[in-house]
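Asker: What follows is a predicted structure for the sequence shown.
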Amino acid sequence: MSLEMILIVLVGLILLGLQLYLVFKPKEKIDNSFQLGLERLERELRQELAQTRQEQTQTMTQTLGVLQQTLTQQLTQQLGQLGESNARRMLDVRDVLDKQLEALQKSNSAKLDEMRQTVDEKLQTTLQARLGESFKQVAERLELVHRGLGEMQSLAQGVGDLKHLLTNVKTRGIFGEAQLGALIEQIFVAEQYGVQVATKPNSRERVDYAIKMPGRGSDMAGSPSQLWLPIDAKFPTEDFERLLDAQERADAAGAEVAGKALEMRIRAEAKSISEKYIEPPYTTDFAILFLPSESLYAEVLRRPGLMDSLQRDYRITLAGPTTLLALLNALQMGFRTLAMEKRSSEIRQVLGAVKTEFGKFGAVLTNLRKQTNTVLASIDEADTRNRVMTRALRDVEAAPEDEAQKLLPED
C-alpha cells in the first residue's frame, strides 16, 4: 500500500475519534478555540486529501498512459512479429502448394495425354466405322434414289403416253371399255354377260357390255327367255379437263361454261344410249352409262338435277367404278336368289324321293334287326353248349400241345 493511502487512513481515523469525542462529551465543556482548531484542522485535512487525491489521480493517469503506451508498443511489436511469422509460414505453404500443384499438373497432363490418345484412337476407329457405314448407307440411298428417279422418269413417260393416248377419242373408248370389262369379269362368269351385243333386233348398233337377265318366257307367251341390261362406257375428258383447268385458275365464268358443256355432253351420250340400246322386252327398261373416273363421276353428280333428269328423260343410270361394282354385286346376289327359287321344286322332288327311300330303308332295318336277333340267339345257344362241354371235360387231363396237334390235325 502506498504512503498516500496510509496518510488518508490515519486522517480518517483521527477525524473519526474527534467526532466520537464530540458526540459523547457535553457541549458546554468544549472550548471554542479547540473547536476552531478542529475546524481548521479539518479544512487542512480536506485540502490535503483533495491535493493528495489530485496528485494520486495524476499519478495514476500518468501510470495508465505509460502502461497503455507500453502495452501498445508490445502489442504492435508482437503483431509485427506474428505478421512476419505468418508471412514466412504463408510463403512456405505457398511454396509447398506450388510444388504440389506443379506435380499434380504434371500428373494430370500425363493422364490427360494418355486419355486423349486413347480417346483419339477409339474415336478414330469409331469414326472410321461410322463413316464407312454412313457412306455405305448414303450410297445405298443414292442408288435407291437413282432407281426411284428412273422409275419416276418411266412413270412420267408412261403418264405422258397415257395422256397422249387419251387425247384420241377411240383410245379413250377402248380404255373405258377395258375398265368396264375388268369390273364385270370380277363379278360374273362368261355365260352371264355379253360383249359387243346388239340389244335391238335387226340393229347394227352394239353396246360395249350387256348383262343377261332372266326373262318371262315361261310366264308370258311371245316373251323372250332372257333380256339384256345394256352398259356402255363413256369418257368425255376434254370438257372435264377444261372444267378442272378453269377451277384451278379460279375462273368462275370459265368453270360455269365448262360445267354446262360437260352437262350437255353427258345428256347427249345418255340420249344416244337410250335410242340405240334400250328396246323392251328384249332389254331392260333402263341402261347404265359407265364413267371410268371417280372424279368425273363425282363432278357429274354435283350438277344439280342432272341425275334425276337422265333417269326421267332417257331412263339412264350413271355409275362410277365403285358404284358399278356395288350394282353388279347386287345383281349377282339377285341371280343367286332366283336360281335358288327355280331349284326349290327340284329340291322338293328330291326330298320326296329321299323320304320314299328312307321308308324302304326302315323296312330293311327291321329285317336286319330280326336276323340279328336270330344270330344272337344262336350265339347264346352255342355259348351255353360250350359251358356244358367245359364242365364235362373239367376232370379230363389236357394233352400236351404237340400231341393235341397230332391227334387233331388242322384241315
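Answerer: Happy to help now that I have it. Note that this is a predicted model, so its numbers are computed, not measured. Residues are numbered from 1 along each chain as shown.

Asker: could you point out the longest helix in this protein?
Answerer: helix 32-166 (DSSP state H).

Asker: For Ile288, what are phi and psi?
Answerer: Note on Ile288: its backbone torsions stand at phi -120, psi 130 [degrees, to the nearest 10].

Asker: how about the residue lying closest to it once chain neighbours are set aside, secondary structure?
Answerer: Spatial nearest neighbour of Ile288, excluding adjacent residues (CB to CB, 6 or more residues apart in numbering): Ile231 at 4.5 Å. All C-beta atoms are positioned from the backbone trio N, CA, C, and that covers glycine. What DSSP: H, G, I helix; E, B strand; the rest coil gives for Ile231 is strand.

Asker: Please report how far Ile231 lies from Ala261.
Answerer: 25 Å (CB to CB, to the nearest Å).

Asker: Among those two, which residue is more densely surrounded?
Answerer: Ile231 (27 against 16; other CB atoms under 10 Å).

Asker: Could you tell me which residues make contact with that one?
Answerer: Leu180, Ile184, Val207, Asp208, Tyr209, Ala210, Ile211, Ala287, Ile288, Phe290, Leu324 (CB atoms under 8 Å, 6 or more residues apart in numbering).

Asker: In helices only, show me those residues.
Answerer: Per DSSP H, the contacts of Ile231 map to helices at Leu180, Ile184, Leu324.

Asker: Out of these, which end up buried?
Answerer: Buried members of the ones in helices among the contacts of Ile231, scored by 16 or more other CB atoms under 10 Å, are Leu180, Ile184, Leu324.

Asker: okay, the first one: pLDDT?
Answerer: pLDDT recorded at Leu180 is 83.

Asker: Next, the contact list for it, please.
Answerer: Going by CB under 8 Å, 6+ apart, Leu180 touches Asp208, Tyr209, Ile231, Ala233, Phe290, Pro292, Leu324.

Asker: Skip the chain neighbours and tell me the closest residue to it.
Answerer: Per CB to CB, 6+ apart, closest to Leu180 is Ala233, 4.6 Å.

Asker: and the spatially most central residue of the chain, what is it in contact with?
Answerer: Computing the C-alpha centroid of the chain and ranking residues by CA atoms, centre = their mean puts Arg141 first, at 26.3 Å. For Arg141, the contact set (CB under 8 Å, 6+ apart) is empty.

Asker: So it versus Val197, what's the distance?
Answerer: 54 Å.

Asker: Run a quick neighbour tally on Arg303.
Answerer: Around Arg303 there are 14 other residues, counting by other CB under 10 Å.

Asker: Do I have it right that it meets Glu263?
Answerer: Yes: between Arg303 and Glu263 there is a contact under CB atoms under 8 Å: 5.2 Å.

Asker: Any buried residues in stretch 308-327, and which?
Answerer: 309-310, 314-321, 323-324, 327.

Asker: Just the CA atoms from that stretch would do, formatted as PDB, please.
Answerer: Extracted in PDB, the C-alpha atoms of stretch 308-327 (Å, rounded to 0.1, in the frame of the first residue of the first chain):
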ATOM      1  CA  ASP A 308     -82.900 -37.300-112.000                       C
ATOM      2  CA  SER A 309     -83.200 -35.700-115.400                       C
ATOM      3  CA  LEU A 310     -81.300 -38.600-117.100                       C
ATOM      4  CA  GLN A 311     -83.400 -41.200-115.400                       C
ATOM      5  CA  ARG A 312     -86.600 -39.500-116.100                       C
ATOM      6  CA  ASP A 313     -86.000 -38.400-119.700                       C
ATOM      7  CA  TYR A 314     -83.700 -41.100-121.100                       C
ATOM      8  CA  ARG A 315     -84.000 -43.900-118.500                       C
ATOM      9  CA  ILE A 316     -80.200 -43.800-118.000                       C
ATOM     10  CA  THR A 317     -78.500 -44.500-114.700                       C
ATOM     11  CA  LEU A 318     -75.000 -43.100-114.100                       C
ATOM     12  CA  ALA A 319     -72.300 -45.200-112.400                       C
ATOM     13  CA  GLY A 320     -68.700 -44.800-111.500                       C
ATOM     14  CA  PRO A 321     -66.300 -47.700-110.800                       C
ATOM     15  CA  THR A 322     -67.300 -48.100-107.200                       C
ATOM     16  CA  THR A 323     -71.000 -47.600-107.800                       C
ATOM     17  CA  LEU A 324     -71.000 -50.100-110.700                       C
ATOM     18  CA  LEU A 325     -69.200 -52.700-108.600                       C
ATOM     19  CA  ALA A 326     -71.800 -52.400-105.900                       C
ATOM     20  CA  LEU A 327     -74.600 -52.600-108.500                       C
END
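
Asker: Show the average pLDDT along that stretch.
Answerer: 88.

Asker: what does it contact?
Answerer: Contacts to stretch 308-327, defined as CB under 8 Å, 6+ apart, come from residues 179-180, 183, 186-187, 231, 266-267, 270-271, 273-274, 278, 285-294, 296-298, 300-301, 307.

Asker: Below-threshold pLDDT in the stretch 301-411 of the chain: ranges please.
Answerer: Segments of the stretch 301-411 of the chain classed as low confidence (criterion: pLDDT under 70) are 341, 343-345, 347, 351, 354-355, 358-359, 361-362, 392-399, 403-411.

Asker: Kindly state the domain boundaries assigned to this protein.
Answerer: Per automatic domain parsing, the structural domains of the chain span 122-166, 170-342.
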